[in-house]
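Q: After the sequence you'll find the predicted model.
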Amino acid sequence: MTVGYAQNKDDLRARLRRIEGQVGGIQRMVDEDRYCIDILTQVNAVKAARAKVALALLGDHVEHCVADAMRRGKGKEKVGKLTAAIGRCPER
């Protein structure tokens with residue numbers, strides 16, 4: 001079975017590496033006793049980057065996995081799983 005994000009895997013990995021770098025930068029800022037607002041600005045940037053990764057995965061899942069399940073007559077189950085996953089997201 002091919003995952004929905006297979007075509008965008010390189011882009012997702014690049015985004016995740018950037019997020020990893022941003023988090024490392026925030027750690028350094030804390031170590032260096034940087035100004036609170038500057039750190040919060042970077043935390044918000046990471047939050048926004050995470051949201052973009054989540055939306056990309058969501059779009060790929062709908063276009064690939066959910067659409068395939070619908071064609072096979074198993075859409076209700078897949079949509080239920082998708083709805084549950086979205087419900088677990090704290091930032092809706």
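A: Happy to help now that I have it.

Q: Look up the closest residue to the residue nearest the centre of the chain, ignoring the ones flanking it.
A: With distances taken as C-alpha atoms, centre = their mean, A54 lies nearest the centre of the chain, 2.3 Å away. Sequence neighbours aside, C89 is the residue nearest to A54 in space, at 7.0 Å (criterion: C-beta to C-beta, 6 or more residues apart in numbering). Where you see a C-beta, it was placed from the backbone N, CA and C, and this is true even at glycine.

Q: now do L16
A: In space, L16 is closest to V53, 6.5 Å off (C-beta to C-beta, 6+ apart).

Q: Let's see the pLDDT reported for the one you found.
A: Note for V53: predicted pLDDT of 95.

Q: contact partners of the strand or helix carrying it?
A: Under the criterion of DSSP states H and E, V53 resides in helix 36-60. Contacting residues not belonging to helix 36-60 are listed as 4-5, 7-8, 11-12, 15-16, 18-19, 22-23, 25-26, 29-30, 86, 89, 91 [C-beta atoms under 8 Å, 6 or more residues apart in numbering].

Q: of these, buried ones?
A: Neighbour-count burial (16 or more other C-beta atoms under 10 Å) applied to these gives G4, Y5, R15, I19, Q22, I26, M29.

Q: so where do the helices sit in this protein?
A: 9-31, 36-60, 67-71, 75-87 (DSSP state H).

Q: relative orientation of the first one and helix 36-60 in degrees?
A: With axes from the mean of the first three to the mean of the last three C-alpha atoms, to 10 degrees as the basis, helix 9-31 and helix 36-60 are set at 160 degrees to each other.

Q: Against which helices or strands is helix 9-31 packed?
A: Secondary-structure packing of helix 9-31 (3 or more C-beta pairs under 8 Å, 6 or more residues apart in numbering; DSSP states H and E): helix 36-60.

Q: List the buried residues for the helix it packs on?
A: I39, Q42, V46, A49, V53, L57, L58, D60.

Q: Now tabulate those in JSON lines and tack on distance to V66.
A: Output for these, formatted as JSON lines (distance: C-beta to C-beta, whole Å):
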{"residue": "I39", "distance to V66": "38"}
{"residue": "Q42", "distance to V66": "34"}
{"residue": "V46", "distance to V66": "28"}
{"residue": "A49", "distance to V66": "25"}
{"residue": "V53", "distance to V66": "18"}
{"residue": "L57", "distance to V66": "12"}
{"residue": "L58", "distance to V66": "10"}
{"residue": "D60", "distance to V66": "10"}
